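[1] Coordinates only, no sequence provided:
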């Protein structure tokens, strides 16, 4: 059932609820007028007409108004030459209704009006319950839309003007005062403030925003004044993309659902066939009365209705994706939600995924004639051309020591994964890895012991060479995220193989891996080679998830069976991934896998409940056991039992919410 807007979803739910209550209100007196009602309760209602005519008047609006969605659905299904649940529901309802009309007009025989009315009411109730199970997701989407303020202040010709948010255009400068909600995405051009992004990204602490930093629509400016330039509006904003991801997942089909849809089409044929066979068996072969044959045939058709089969996986998907959205886990489609449960190997990028991604300088070692300040200045001069986390750490260290990087930089060249080179003040400067120095025939022996000590302590080393000679080394450490160790332990407890991949030196990688309890490490891996390591695990027969946050992770995310982009990641990584974790928390990787396993378990349970009634009840309804054991089912009882499976399926999907406490790793 495609839902394109939370408001529309609520309107459709309200319509389904209204149809159900009207059909229920008319079904109750219909049952009381029926032979079943009078047999148990006696004549309880006044009858202005014969009972059959009273039931005809009560049932007609139930069938043709409340049940019109099934009749209309049948028309379009048959027009498209497809058999689905609507076909069988409409067949059961109309067969019972038309047979009853004929019996009312031409005879005074017992009718099946109550079966037609109850079938419509029960099926409507099942669909209403399905919609209610989706409501959490729709409410979450509605809450996202409400985060955006209806109006904002923009600078037009140097004057502050209040405009509708929908009128903001890319390039507009938006003015934020303390307490203002941010209307669209943009980049700060003036001021500094703390911004609460928790409702969007799940990060609990406000984030300091200054010139050049990005801001997200829907977040809250808490303290200072800001001016930012709008970069993304409307459907391009982060909030809109979140809503789109959730809606896409809701409207997609899991692999299991495709199987169920195929099975349902055959069940429609089986149900109709069993109804026809039952009628012929009792009336033509068995010599039974027309009424008895019709009773068995209608009961068989009604109870064989595979409506619950159609609800089995969509309800679980709806609840599962809704829970994910609530915990900032955005799953792009139902197939991903189902397939994530198959993961048996996880590859975690180190920097920014397992570590904070905000390295700090721990040690500076200089070789004469250079001083520590000179080492920092020369490295920072080149690093100023980069936005790599190590570059940012070096620049931060330079600022703390009041060291100004040189502006006299020429012939700058980034050497992907190894470092960089350039002419700084007419001197050839290289900054980077030991391999970079080795490839350029630079003897680093004077710094060998210092390098080993820093590496053993888990530091990344940024080596410096000037004019072909070793000049110094800077030690840089990146703290491990607080939840990383428990997240890795949780994955291993699920039986998953956990591997770490990094471009760092093997000693650094091993030091981090030891602390986290990871035994398989891929170190000194160049960005372009990460995908090949994912493929290596796949060749070992593993179903692999890759978790990363940067542009250089995108090929590996695409290669993996399931790509998981962690929240602080780039647009490229997020676009490539199957799952987006809005928070930069490795615990959410474990939460996503746990949620998938629970959702698939619920799908399987639902498919069982959807099928068991058909398997057990069709023979009883068809009267197979009536001659020997006296077992039979009235059409209205068949309708009740058929609907019970739909209600159980919807209720079981809602019970999936019990998994929520397990998604929180502290």
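    That came in fine, so what should we check first? All of these numbers come straight from a predicted model, not from anything done at the bench.
[2] ok, for residue 488, nearest residue in space, not its chain neighbours?
    Sequence neighbours aside, residue 516 is the residue nearest to residue 488 in space, at 4.9 Å (criterion: CB to CB, 6 or more residues apart in numbering). Heads up, the C-betas are built off the backbone N, CA and C, glycines and all.
[3] got the contact list for the one you found?
    354, 480, 484, 485, 488, 500 (CB atoms under 8 Å, 6 or more residues apart in numbering).
[4] Same question for residue 153.
    160, 161, 162, 163, 174, 175, 176, 177, 180.
[5] measure it to residue 27 for me?
    Computed as CB to CB, to the nearest Å, the residue 153 to residue 27 distance reads 57 Å.
[6] Could you list the low-confidence segments of the stretch 1-150 of the chain?
    Low-confidence segments of the stretch 1-150 of the chain (pLDDT under 70): 1-7, 9, 39-42, 130, 133-146.
[7] Confirm that residue 346 lies within a helix, as I assumed.
    No. Residue 346 is assigned strand when assessed by DSSP: H, G, I helix; E, B strand; the rest coil, not a helix.
[8] does it have beta-bridge partners, and which?
    Beta-bridge pairing of residue 346, defined through DSSP bridges, involves residue 498, residue 545.
[9] That one reaches residue 589, doesn't it?
    Yes. Under the criterion of CB atoms under 8 Å, residue 346 makes contact with residue 589 at 6.7 Å.
[10] who touches both of those two?
    Contact criterion CB under 8 Å, 6+ apart; residues shared by residue 346 and residue 589: 491, 545, 547.
[11] Nearest to residue 403 among those residues?
    For the shared contacts of residue 346 and residue 589, the closest approach to residue 403 (CB to CB) belongs to residue 547, at 36.2 Å.
[12] what about residue 353, is that helix, strand or coil?
    At residue 353, secondary structure determined by three-state DSSP is helix.
[13] How about the one 10 residues further on?
    At residue 363, secondary structure determined by three-state DSSP is strand.
[14] number of nearby residues for it?
    As a burial measure, residue 363 scores 16 neighbours (other CB atoms under 10 Å).
[15] With adjacent residues omitted, what lies nearest to it?
    Of all residues not flanking residue 363 in the chain, residue 475 sits nearest, at 3.6 Å (CB to CB, 6+ apart).
[16] neighbouring strands for the helix or strand in which the one you found is found, and are they parallel or not?
    Using DSSP states H and E, residue 475 sits in strand 469-477. Here strand 469-477 is paired, per DSSP bridges, with strand 360-366 (antiparallel), strand 460-466 (antiparallel).
[17] Could you pull out the buried residues of the helix or strand following the first one?
    Looking back up the chat, that one is strand 360-366. Of the helices and strands lying after strand 360-366 in sequence (DSSP H and E), the nearest is helix 372-383. Within helix 372-383, the residues scored as buried using 16 or more other CB atoms under 10 Å are 374, 375, 376, 377, 378, 379, 380, 381, 382, 383.
[18] what's the following helix or strand after helix 372-383?
    Next helix or strand after helix 372-383 toward the C-terminus (DSSP H and E): helix 389-400.
[19] List the buried residues of that next one.
    By 16+ other CB under 10 Å, the buried positions in helix 389-400 come out as 389, 390, 391, 392, 393, 394, 395, 397, 398.
[20] wait, is residue 411 part of a helix?
    No. With three-state DSSP as the criterion, residue 411 is located in strand rather than a helix.
[21] Roughly how far does the closest residue to it other than its chain neighbours sit from residue 433?
    The spatially closest residue to residue 411, leaving aside those adjacent along the chain, is residue 423, at 4.9 Å (CB to CB, 6+ apart). Look at residue 423 and residue 433: by CB to CB, they are 20 Å apart.
[22] do residue 150 as well
    Taken as CB to CB, the span from residue 150 to residue 433 is 52 Å.
[23] So for those two, which residue has more residues nearby?
    With neighbours defined as other CB under 10 Å, residue 150 and residue 433 compare such that residue 433 has more, 20 against 10.
[24] what separates that one from residue 504, distance-wise?
    Residue 433 sits 9 Å away from residue 504, taking CB to CB as the criterion.
[25] any residues touching the helix or strand containing residue 558, and which ones?
    Following DSSP H and E, one finds residue 558 within helix 554-559. Residues from elsewhere that reach helix 554-559 (CB under 8 Å, 6+ apart): 347, 349, 501, 528, 530-531, 533-535, 538, 546, 548, 563-565, 570, 572-573, 575-577.
[26] cool, and stretch 427-435?
    Stretch 427-435 has contacts (CB under 8 Å, 6+ apart) with 378-379, 381-383, 415, 418-423, 436-437, 440, 442, 444, 451, 461-468, 505, 524.
[27] which among those end up buried?
    The neighbour count (16+ other CB under 10 Å) marks 378-379, 381-383, 415, 418-422, 436-437, 440, 442, 444, 451, 461-466, 505, 524 as buried among the contacts of stretch 427-435.
[28] from the contacts of residue 153, which would you call buried?
    The neighbour count (16+ other CB under 10 Å) marks 163, 174, 175, 176, 180 as buried among those.
[29] Quick check: next helix or strand after whichever helix or strand the third one is part of?
    So that's residue 175. Applying DSSP H and E as the criterion places residue 175 in strand 173-176. Once strand 173-176 ends, the next helix or strand along the chain (criterion: DSSP H and E) is strand 185-191.
[30] Please flag which of the contacts of residue 516 sit within strands.
    Counting by DSSP state E, those place residue 500 in strands.
[31] Mind giving me the ChimeraX command for buried ones among the contacts of residue 516?
    Applying 16+ other CB under 10 Å to the contacts of residue 516, the buried members can be selected in ChimeraX as follows:
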select :354,480,484,485,488,500
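[32] Setting the sequence-adjacent residues aside, check what's closest to residue 110.
    In this structure, residue 110 finds its nearest non-sequential neighbour in residue 35, 5.1 Å apart by CB to CB, 6+ apart.
[33] Got phi/psi on the one you found?
    Main-chain torsions, residue 35, degrees, to the nearest 10: phi -60, psi -30.
[34] before we move on, what about residue 643?
    Note on residue 643: its backbone torsions stand at phi -70, psi -30 [degrees, to the nearest 10].
[35] Who's the closest spatial neighbour of it, skipping the chain neighbours?
    Per CB to CB, 6+ apart, closest to residue 643 is residue 122, 3.0 Å.
[36] re earlier: quick one: neighbours of the residue nearest to residue 110, just the number.
    Neighbours of residue 35 using other CB under 10 Å come to 13.
[37] if we can go back for a sec, work out the gap between the strand holding residue 475 and the centre of the chain.
    How far strand 469-477 lies from its chain's middle: 44 Å, per CA atoms, centre = their mean, to the nearest Å.
[38] contacts for that strand?
    Contacts of strand 469-477 (CB under 8 Å, 6+ apart): 359-367, 370, 372, 374-376, 378-379, 390, 393-394, 397, 437, 442-447, 450-451, 454, 457-465.
[39] What mean pLDDT does that strand get?
    Per-region confidence: strand 469-477 scores 88 on mean pLDDT.
[40] If you count neighbours, what's buried in it?
    Buried, per 16+ other CB under 10 Å, within strand 469-477: 470, 471, 472, 473, 474, 475, 476, 477.
[41] Serialize the buried residues of helix 372-383 to JSON lines and add fields for distance to residue 65.
    Formatted as JSON lines, the buried residues of helix 372-383 follow (distance: CB to CB, whole Å):
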{"residue": "374", "distance to residue 65": "86"}
{"residue": "375", "distance to residue 65": "83"}
{"residue": "376", "distance to residue 65": "79"}
{"residue": "377", "distance to residue 65": "81"}
{"residue": "378", "distance to residue 65": "82"}
{"residue": "379", "distance to residue 65": "77"}
{"residue": "380", "distance to residue 65": "76"}
{"residue": "381", "distance to residue 65": "78"}
{"residue": "382", "distance to residue 65": "75"}
{"residue": "383", "distance to residue 65": "72"}
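[42] Out of those residues, flag the one nearest to residue 602.
    Nearest to residue 602 among those, with distances taken as CB to CB, is residue 383, at 50.5 Å.
[43] surely that closest one meets residue 396?
    No. Counting by CB under 8 Å, residue 383 sits too far from residue 396 to count as a contact (10.3 Å).
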